[in-house]
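[1] Next one to model:
(chains A and B)
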Amino acid sequence: MASDEFRRELQREAQQWRSSELISEEQFQALAEKYDFATIATAARDRFIMILLGLGSILIGIGAITFVAANWQALSQTLKAGLLFIAMLICDLSGFGLINRVGPSDRWRRLGQALLLLGALLLGANLALMGQIVHTSGTRYELCAAWALGVLAMAYGIRLPFLGFLALLLLGIGYWSALWDMVWLQNSLLGVWTLQTMPLLLAALFIPLAYLCRSPQLFALSATAIASSLLILIFDVGRSLPAFIDALVLILPFAALWAYDDTLWPFLWQLLRQLPDRRWPVTVPPPVVDEESERRFQPAARGLMLFGLSVMYWVLSFQTVWEASARRSLLDTQLLWRNSSLVVLTLLLFAAWTVGAWAYLGWRSPRVWRLDTSSATILGFLLITAAIFFASFVIGPLPILATMMMNVLLAVLAIGMMREGLGSGTRIPFWWGMVMLTLQILSRVLEYETGLLVKSLVFVSCGIAMIFVGLWFERHVRPLRVDAP
Amino acid sequence: MNRFFPKKTWQRRGLWAIALPLALQTLLIVVVPLQAAFTTLVGTNVILRTVPVDPYDPFRGYYTTLQYDISQRGVLSTLEGWEAIQPSLEPSGVTKLLRPGKSFYVVMSDEAELESPGATIRNAPWVPVQVFRDRPRNLPAHQIALKGTYRSDRIVYGLERYYLPEAERLDLEQRIREAQTGEAQPRLFVEVRIGPLGNAVPIALWLRGDRIEF
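    Residues are numbered from 1 along each chain as shown, chains lettered A, B, ... in the order given. Next up is the predicted model:
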């Protein structure tokens, strides 16, 4: 379905076309049917109602959780447990009945979704109450993980993306509050091994859900969670790895995000099905890439990667970072990779997947393996970054060279994003590139205490360089492409 | 490829779509109390010595954090069997972080029962007598094994929290503090129930001879 904004614009235009007799009444009716003009007026109101219902559910849920926390003695614990459990059952069953009963754009369906959200929150109240009754010494992470698991099961059952968001959010709260406990979580069921393999677990639990719900937002949130938990593991264990591998794993999350390709999954499935019949080497036909719509989550993954990479470059473009981090001990407690086999396994699996995804990325035209321009550029960026990390690990602090390189990379990335944004007619990359470039210039002006005369000279030469780059582009590089409809 | 990207936007879901998640959620809710109920049903009451403070959990409310005399490494290291298990609990040299803690068992003994069998002194604390790496079997009737976990920073028994009602919290904390700082014996004890596998559940607080249970 097209966006509301586009539909509203199209409706206005189509009415003008009809009055100026560009299109006939029948054609207008066909457009009205295809783009559902009838619901445009009510769409905003419906969304507002949905937000109100959702907020109401969240408030009631928080109320129930606070009621448990109050540990009110006028009701016996058994009665409280029974009431809360029955409330949860009623919410879930009636919500399910409502969304299942009627068509997709019915108001009862919205109420059903709100009830299911409330049921998911009441599950947390139930779990907390049980812990309180038996005076459990379990950590918040264990509570949140159990809660998230229950909500996730519901999300799979009913395929509602917002339950997936809630599960991810709960797991996130638990994970970040458990990070400090990572060293000594003692429970064997939801304990330390789930923290050590968190990126894998998140990928296995949430990526299929994103596909089932066809929700790019859920995918983007899951990918953020996976990449950040992967980075935590890399920071924890990376220092003890050989410098060469450490430098490579530091760019692993970015490389994995860029290479993400939705068509890889059906391709792997095909490959797995053919394995028993054939012998090595397997000859597989090159993947067919016909439908752009099949690659539904790739833009989200790449956008996330560009966002993360530009933020990392900005952080690393400060000189102080390079004076400090070159000491090779970011954390107080040095973890040795030999003692963290699960972490190493997780990293190995992700590395293997990433290498495979890059190979698949370049394997488009038959016989010749080559990357498209933007992927090749990004690969170059990542390799240069890894090389700088490696150099600073081996040689020692490189405050001048590394800072300069990071600034160049950041500027090129920002300008590239602006250019790509203009070329494809999308606003977000353009504005993000603009923001990063402005942020970079401001940071550099404030960071260095040089004389104003020098600053003025730098600004003028940057401006002249920019103008020359623009002129050069205009002359030698192909015109900005216009997106095909 | 349509297997992976179904085209239909909404389809009715069968009853299993709600029944399976609800069954799992119910299981998650009851698994913690069931464990505790089992321990409560078949376990033995034991009274332990403590030291409390008062934090808050946003989900489960106010609780008092309890530390026992057997939570201190100094106390454990005086017990019989410590030399045998100490090397496996405190490995020297390599950093073994990111690992679950190592479990061990403390044998608690009811000294009051031993001195005067059959007497009904119910609030005398039990005393630790021995530690084992594996769960000891065939203990005498007045002894029981409590499972503990040795972590890099402290020793835990899963008995570290006792949740307090918000209304009684301040008054109770005052009494607990008085019991802690006062010279007179007995001070604050915790009554726990220890199951056959060494797992324990806190049952009640003993404050200067009063039994408080929530």
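
[2] Show the contacting residues for A:L437.
    A:411, A:414-415, A:418 (Cβ atoms under 8 Å, 6 or more residues apart in numbering or on different chains). For the C-beta atoms, the positions are set from N, CA and C on the backbone; glycine is no exception.

[3] Phi, psi for A:W72 please.
    With angles defined as degrees, to the nearest 10, A:W72 sits at phi -70, psi 130.

[4] Nearest residue to it in space, please, no chain neighbours.
    Distance criterion Cβ to Cβ, 6 or more residues apart in numbering or on different chains; nearest residue to A:W72, sequence neighbours excluded, is B:P165 at 6.7 Å.

[5] just checking, that neighbour touches B:F214?
    Yes. If you go by Cβ atoms under 8 Å, B:P165 and B:F214 touch, sitting 6.1 Å apart.

[6] can you list residues touching both of those two?
    Joint contacts of B:P165 and B:F214 (Cβ under 8 Å, 6+ apart) are A:71, A:73.

[7] For B:Y62, see how far away B:I176 is.
    Separation of B:I176 from B:Y62 (Cβ to Cβ, to the nearest Å) stands at 12 Å.

[8] pLDDT weak spots in the chain?
    Since you didn't name a chain, this refers to chain A. Scanning chain A for pLDDT under 70 picks out the ranges A:1-2, A:102-106, A:180-192, A:275-294, A:324-339, A:364-367, A:476-485.

[9] wait, chain B
    B:1-11, B:51-60, B:90-101, B:113-123, B:152-153, B:180-187.

[10] which stretches of it form strands?
    Along chain B, the segments classed as strands by DSSP state E run B:44-53, B:56-57, B:61-68, B:102-109, B:127-132, B:143-150, B:155-156, B:161-163, B:188-194, B:200-207, B:210-212.

[11] Same list (those strands) but as a markdown table, adding distance to A:L205.
    Compiled in a markdown table, the strands of chain B are given as follows (distance: least, Cβ to Cβ, whole Å):
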| stretch | distance to A:L205 |
| --- | --- |
| strand B:44-53 | 37 |
| strand B:56-57 | 26 |
| strand B:61-68 | 30 |
| strand B:102-109 | 29 |
| strand B:127-132 | 39 |
| strand B:143-150 | 28 |
| strand B:155-156 | 29 |
| strand B:161-163 | 29 |
| strand B:188-194 | 36 |
| strand B:200-207 | 31 |
| strand B:210-212 | 42 |
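
[12] quick one: which of those is nearest A:A70?
    strand B:61-68 (6.2 Å; Cβ to Cβ).

[13] Note down every partner strand of that closest one and its orientation.
    strand B:44-53 (antiparallel), strand B:56-57 (antiparallel), strand B:161-163 (antiparallel) (DSSP bridges).

[14] okay if I get the contacts of A:L437 as TSV plus neighbour count?
    Converted to TSV, the contacts of A:L437 look like this (neighbours: other Cβ atoms under 10 Å in any protein chain shown):
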residue	neighbour count
A:A411	19
A:A414	24
A:I415	18
A:M418	18
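
[15] Pick the one among those residues closest to chain B.
    Minimum distance to chain B across the contacts of A:L437 is 32.4 Å, recorded for A:M418 (Cβ to the nearest Cβ).

[16] Leaving out sequence neighbours, find the closest residue to A:D261.
    Using Cβ to Cβ, 6+ apart and skipping the chain neighbours, the partner closest in space to A:D261 is A:Q298 (5.8 Å).

[17] mind listing what the one you found touches?
    A:Q298 touches A:260-262, counting by Cβ under 8 Å, 6+ apart.

[18] Out of those residues, the closest to A:V454 would be?
    For those, the nearest to A:V454 is A:Y260 (43.8 Å; Cβ to Cβ).

[19] pretty sure the closest one contacts A:A357?
    Yes. Between A:Y260 and A:A357 there is a contact at 6.6 Å, judged by Cβ under 8 Å.

[20] ok, how many other residues are close to A:S229?
    For A:S229, the neighbour count with other Cβ atoms under 10 Å in any protein chain shown is 26.

[21] Next: the one 3 residues further on.
    A:I232 has 18 neighbouring residues, counting by other Cβ under 10 Å.

[22] And A:G463, by the same measure?
    10.

[23] In contact with A:I415, which residues?
    A:433, A:437, A:469.

[24] Buried residues of whatever helix or strand the second one lives in, list them for me.
    It stands for A:L437. Using DSSP states H and E, A:L437 sits within helix A:427-447. Of the residues in helix A:427-447, A:429-430, A:432-433, A:436-437, A:439-440, A:443-444 count as buried by neighbour count, 16 or more other Cβ atoms under 10 Å in any protein chain shown.

[25] The most centrally placed residue in chain B and A:W369: what is the separation?
    Taking Cα atoms, centre = their mean, the centroid of chain B lies closest to B:L159, which sits 2.3 Å from it. Per Cβ to Cβ, B:L159 is found 61 Å from A:W369.

[26] and if you look at B:I212?
    Relative to A:W369, and taking Cβ to Cβ, B:I212 is found at 73 Å.

[27] The two: which has the busier surroundings?
    When B:I212 and A:W369 are compared for neighbours, B:I212 comes out ahead with 16 against 10, by other Cβ under 10 Å.

[28] show me where the stretch 201-350 of chain A has helices.
    All helices of the stretch 201-350 of chain A, identified by DSSP state H, counting those that start in this stretch, fall at A:216-237, A:243-250, A:252-259, A:264-274, A:298-316, A:319-325, A:341-362.

[29] okay, these, which one's buried deepest?
    Most buried of these, by mean neighbour count (mean count of other Cβ atoms under 10 Å in any protein chain shown): helix A:252-259, with a mean of 24.
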